[in-house]
Structures are given as structure tokens and as C-alpha cells.
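1. For reference, the sequence and a predicted model appear below.
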Amino acid sequence: MTDVSAAPASPAQPKTKPMTNLNRLRAILGGSAGNLVEWYDWFAYASFSLYFAPVFFPKGDPTSQLLQTAAVFAVGFFARPVGAWIMGLYADRAGRRAAMTVSVSLMCLGSLIIALTPGHAAIGAAAPVILLLARLLQGLSVGGEYGASATYMSEMAGKARRGFWSSFHYVTLILGQLLALGVLILLQRTMPEATLADWGWRIPFFVGAGLAVVVFWIRMGLQESASFEKVKAAGAEQSQSRVLFLKHPKETLMVMGLTAAGSLSFYAYTTYMQKFLVNSAGFDKNQATEITAGALICFMLAQPLLGWVSDLVGRKKMLIGAFGIGAVMAYPAFTAIANAGTPLLAFAILFGALLVQSAYTSISGVIKAELFPTHVRALGVALPYALANAAFGGTAEYAALWFKDNDIEQAFFWYVGGMSAIAFVVALFMRDTQLKSAILED
């Protein structure tokens, strides 16, 4: 296979002035603001599902209700490959900025629908159907957002500190989840539980829809990346799905392998962990929320540090460490958390597991972007990621609850470790994208 990193830049491409660190910072912050809102809206569903599950699915015990809301959560993931495909092609043809603007608009609409939908008691079976449709809409949005924003931020980051600057993509992803948890904690502290379960859970979705409107206007004013502008000016080949799979099969499969393990581990240690702490470790809902939030804050702060380290030691070593250690620690980590007994110990173990994951998450966007040439980059980042994310990340919570419901909960721990072992093998055979990057512009 031809090494895309060795391909010279087209002489027809116009020269552009190097960006200053201040300009890079403005571009990164502008691009990541929408990413934050997108993920806030996405995770608000998981964070508040303990409260609204009985509203849409009134029959069954708490585990059964959570299984049904988790199923809807998983279905939303399966809309993400469609969104990734459509928006990936759009981002490669119309520009990263245009795709990011459309994606945040879809998320706004999905959140507003959830906020306004009456419960099962008012409209019967139509309530869960509308909830499902709203999550499908949000799935399309997030599927398109990941490829466009990860590509944009990687292209705007610059060669010398690309790992550091692009790590803020995951910082805002985690910050979106933290914001959702923060709203949950605030409402838990200021509202009676009965009120929160009755109508208070709708508040975060109204908040998300409002924030999305603000970000829409921010993104309208963003500068397009030099990489896209050069390809557009040169009249390069347009992005097509067949080009991705026929000309870049190795890179596509590598993205899928890394994403399968990375997404499964991420959702196991974050969104599912809130339920695990309640159902398996014996903590109450408030404690579970606070433990998860504390670990996520530390996890978020670790991203730029690990991104900076990748600029020094290379991406490949980071991936080998993340998935090698992740494979052997999954079973003991979950078992230790289940038997922790105190919130402080549970937090320490959880953060330890997430810190290991940081060696992957901090560079997850940039390693994908560095694998593909510009004209197919957004699609290459988005589509294989979304396919693997739907299959393994989107089903993580449902799989965990299914194992628990069938009294074989520990099988889930082995499942997480086994997938990390597969990604470890993938990392061994991939090139170090920090040294051989397909992003030619600085």
C-alpha cells in the first residue's frame, strides 16, 4: 500500500501563512465549543435515565426499566454510522465548518423533542416511540460531529503540538458529560426526588437545546482549515465511501479495532459506572453521581498532559500502553470497585482505570486524522469510528445490564479486557502517526 504520508503536497495548492499559537487556540476553542454541547446533550440522556425510565417505561422492576432505556441509548448509537457517513462526505466536500454547523442543529432539535415529549401515562406507547426517534436524531448528529470536529481540530493543531492541541477534543467530550452530571447534582441538591422524577429531568434537555443555538452562531464564524482549503483549491478527488474502503482498507480496519476497545472501555467506566456503583457496589444515587463526576474531572485534566506526552514519545507507544494495561486490569478493577465499600476507594480505583484509558482517549481523534489524506479524512475519521462505536460502545451498558440480569456479571469484566487485548495487537502493527502523518500542513 502506498504510504499517504509520503505523498508530496500538490504544487497547485496555495501557500498559507503559519498560524500563531493564539490563532490555534481560538480555532481549537471555537471548534470544541460545539463538541462540548453535542456531548452534553448526548450524555444527559444517560445521566438522567435513572429518573425518566419509569416515565417512558412504567412496567417492570428498576433493572428492567433501565434495560429498556439502555436499549434506546444503544439504538441511538446505530444512527451514528449513518450520520458519520453523510456528514463525513459533507465535511470532505463542503468543509469542516459547514458539517459542524449542521450537526449541532440536529442535536438541538433532538434535545428539544425529548424535553417536550409527554410520558407514557399521557400518550401511551407513542411516548417511547418519540423518545426513540429523538435519540435517532441525536445519533445522526453525534455521528457527524465526531468526524468533522476531530478532523478540524487535528488540522488546525499544528505539527509540533498536534497531540496536545487536539486532545482538547476529548477534554470537551468529557466536559460535556461532566456538565450533564453537574446539572444532575445541582437538581438532586435543589429538588425533591419526587419532583425530579416527575418533571425536573426535562430541564437538562431544555438547557442543551439552548446551548446548541448559541454554538450554532459561534460555528458560523469559524475559519476553515488550511488542509481543506488547499484540497478545494487544487480540485482534488472528492470523498467517496468506496475510496475509503478500497484505497485505505488497512487504516479503516485499524480505526475500527482501536475504537471497538476504546469505546467499550470508555462507556463501561463512565456512563455504565453510575449504574454499577448503585446496583453492584451498593452506593446510593447521589454517591454514585459524585464518585463518577470526581473521576471524570481528573480524567478530563489528564487529557492535555497525555496528548503532550504523545508529541514527545509518539502515538504508538501510548496506544500499546493503554490497551496492554487495560487488558489485564479490567477484571480486577471492576471487582475492586464492587467491593470498595467507601466512596473514596471507589473513586481512586475508577480514576486509575480511566487514567490508563487516557493514553488512548487523549490521542483518539488525532491518530485517526493522521492516517488519512485530506480529501477522505473526515469520512475516514468518522465512519469506521461510528461503526465500531455503535457495535461496542453503544451496547456496553445494555450488555453489562444483561450479564447482571442473568447472574453472570463478571463475564462483562472479561469482555472489556478481551477487547482491549485485541486493540493491543492492532497497536503493535500500526505505524506511529506522530512520525508519519498524512496531515501535511502545519
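-> Now that the structure is in, tell me what you want to look at. Quick caveat: nothing in here was measured; it's all calculated off a predicted structure. Numbers count the residues shown, from 1 in each chain.
2. Report the residue spans of the chain with pLDDT below the cut-off.
-> Counting by pLDDT under 70, the chain shows low-confidence ranges at 1-21, 23, 60-61, 63-64, 234-240, 441-442.
3. Nearest the geometric middle of it, what residue?
-> With distances taken as Cα atoms, centre = their mean, residue 173 lies nearest the centre of the chain, 6.1 Å away.
4. Enumerate every residue touching it.
-> The neighbourhood of residue 173, defined by Cβ atoms under 8 Å, 6 or more residues apart in numbering, consists of 35-36, 39. Heads up, the C-betas are built off the backbone N, CA and C, glycines and all.
5. ditto for residue 389
-> Listed by Cβ under 8 Å, 6+ apart, the contact partners of residue 389 are 77, 80, 259, 263.
6. Could you find the closest non-adjacent residue to the third one?
-> Think residue 259. With Cβ to Cβ, 6 or more residues apart in numbering as the criterion, residue 259 has its nearest non-adjacent residue at 3.9 Å, and that residue is residue 388.
7. is it true that that neighbour touches residue 260?
-> Yes: taking contacts as Cβ atoms under 8 Å, residue 388 lies within contact range of residue 260: 4.3 Å.
8. Buried ones in the host helix or strand of residue 188, by neighbour count?
-> Here residue 188, judged by DSSP states H and E, is contained in helix 168-190. Neighbour counts using 16 or more other Cβ atoms under 10 Å place 168-185, 187-188 of helix 168-190 among the buried residues.
9. Skip ahead from that helix and say which helix or strand is next.
-> helix 193-198.
10. Please pull up the helix or strand immediately following that following helix.
-> Note on helix 193-198: by DSSP H and E, the next helix or strand toward the C-terminus is helix 203-220.
11. Give me the contacts around that next one.
-> Identification of contacts with helix 203-220 by Cβ under 8 Å, 6+ apart yields 30-31, 33-34, 37-38, 40-41, 44, 47-48, 97, 100-101, 104-105, 107-109, 111-112, 114-115, 180, 183-184, 187.
12. Can you turn the buried part of these into a ChimeraX selection?
-> In ChimeraX, this line selects whichever of the contacts of helix 203-220 come out buried by 16+ other Cβ under 10 Å:
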select :30,31,33,34,37,38,40,41,44,47,48,97,100,101,104,105,107,108,111,112,114,115,180,183,184,187
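13. element containing residue 141?
-> helix 126-157.
14. which residues sit in contact with residue 39?
-> Listed by Cβ under 8 Å, 6+ apart, the contact set of residue 39 reads 142, 172-177.
15. how about 7 Å then?
-> When contacts are counted by Cβ atoms under 7 Å, 6 or more residues apart in numbering, residue 39 is found next to 172-173, 176-177.
16. now these as CSV including distance to residue 86?
-> Formatted as CSV, the contacts of residue 39 follow (distance: Cβ to Cβ, whole Å):
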residue, distance to residue 86
172, 23
173, 21
176, 22
177, 25
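17. ok, so what distance separates residue 255 from residue 377?
-> 12 Å (Cβ to Cβ, to the nearest Å).
18. Comparing those two, which shows the higher neighbour count?
-> residue 377 (33 against 27; other Cβ atoms under 10 Å).
19. list the contacts for the more buried one?
-> Counted by Cβ under 7 Å, 6+ apart, residue 377 has contacts 92, 151, 369.
20. phi, psi of it?
-> phi -70, psi -50 (degrees, to the nearest 10).
21. and what of residue 160?
-> Geometry field for residue 160 lists phi and psi as phi -60, psi -40, criterion degrees, to the nearest 10.
22. can you check residue 431 too?
-> phi -80, psi 160.
23. Next, count neighbours for it.
-> Look at residue 431: counted by other Cβ under 10 Å, it has 17 neighbours.
24. got it, and the one 3 residues further on?
-> A count of neighbours around residue 434, defined by other Cβ under 10 Å, yields 22.
25. quick one: contacts for it?
-> Under the criterion of Cβ under 7 Å, 6+ apart, the contact list for residue 434 reads 163, 310-311, 314-315.
26. Which secondary structure state does it sit in?
-> Classification of residue 434 by DSSP: H, G, I helix; E, B strand; the rest coil places it in coil.
27. State the phi and psi torsions of it.
-> Per degrees, to the nearest 10, the residue geometry at residue 434, taken as phi and psi, is phi -70, psi -30.
28. separation between it and residue 266?
-> Between residue 434 and residue 266 the distance, using Cβ to Cβ, works out to 22 Å.
29. cool, and residue 69?
-> 19 Å.
30. Output the helix holding residue 188 as PDB, restricted to C-alpha atoms.
-> Backbone C-alpha positions of helix 168-190 (Å, rounded to 0.1, in the frame of the first residue of the first chain) are rendered in PDB as follows:
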ATOM      1  CA  PHE A 168      -9.000  19.200  23.800                       C
ATOM      2  CA  HIS A 169     -11.400  17.300  21.500                       C
ATOM      3  CA  TYR A 170     -11.700  14.700  24.300                       C
ATOM      4  CA  VAL A 171     -11.500  17.300  27.000                       C
ATOM      5  CA  THR A 172     -14.700  18.900  25.700                       C
ATOM      6  CA  LEU A 173     -16.300  15.400  25.200                       C
ATOM      7  CA  ILE A 174     -15.600  14.700  28.900                       C
ATOM      8  CA  LEU A 175     -16.600  18.200  29.900                       C
ATOM      9  CA  GLY A 176     -19.900  17.700  28.200                       C
ATOM     10  CA  GLN A 177     -20.500  14.600  30.300                       C
ATOM     11  CA  LEU A 178     -19.400  16.400  33.400                       C
ATOM     12  CA  LEU A 179     -21.800  19.300  32.600                       C
ATOM     13  CA  ALA A 180     -24.600  16.800  32.400                       C
ATOM     14  CA  LEU A 181     -23.600  15.200  35.700                       C
ATOM     15  CA  GLY A 182     -23.200  18.700  37.200                       C
ATOM     16  CA  VAL A 183     -26.700  19.600  36.200                       C
ATOM     17  CA  LEU A 184     -27.900  16.300  37.800                       C
ATOM     18  CA  ILE A 185     -26.100  17.000  41.000                       C
ATOM     19  CA  LEU A 186     -27.500  20.600  41.100                       C
ATOM     20  CA  LEU A 187     -31.000  19.300  40.600                       C
ATOM     21  CA  GLN A 188     -30.500  16.500  43.100                       C
ATOM     22  CA  ARG A 189     -29.500  19.100  45.700                       C
ATOM     23  CA  THR A 190     -32.200  21.600  45.000                       C
END
